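Student: Generate coordinates for the sequence data below:
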Amino acid sequence: MGKARQIKIDTRTFSKCGDATAFFKAMLNRYKIGDRVTDLDAEDLRALLKRHEELDEKTGVGISYFKVDAAPEPYSGRCFWIVRHNGSEVDFSYPHCLEARHYD
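Tutor: As a prediction, this is how the structure comes out:
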């Protein structure tokens, strides 16, 4: 069995990827569809988003806030969305951000 992979983001450290997954899944499920994410949770989402290889494309002109909404087609369920300063929106997947990267 391999060593558990620690996940570090600016706001916290998780001893293994499963802990990070559980943390962000619980966060996502605290909100109803259409809810704006609190400023405190947004700090963790901003830190997590830095792990996304398309960070610049996702943030665009800058993040105004995060919300929870329905996942885009062809996916189902819910996901986090970035609402940019210009009003445009884009989804992002927290599991994608937790995948192993060269800096882990």
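Student: Now do the buried residues in stretch 14-24.
Tutor: Under the neighbour-count criterion of 16 or more other CB atoms under 10 Å, stretch 14-24 has 14, 17, 20, 23-24 buried. In this view, the C-beta of every residue, glycine as well, is placed from N, C-alpha and C.
Student: Just the ones of the residues you listed in helices?
Tutor: With helices identified by DSSP state H, the entries of the buried residues of stretch 14-24 that belong to them are 17, 20, 23-24.
Student: and the least confident of these?
Tutor: Looking at these, model confidence by pLDDT dips furthest at C17: 92.
Student: Is that residue in contact with I7, as I believe?
Tutor: Yes: distance between C17 and I7: 5.6 Å, which falls inside the contact criterion (CB atoms under 8 Å).
Student: so what sits against both of those two?
Tutor: Common neighbours of C17 and I7, counting by CB atoms under 8 Å, 6 or more residues apart in numbering, are L98.
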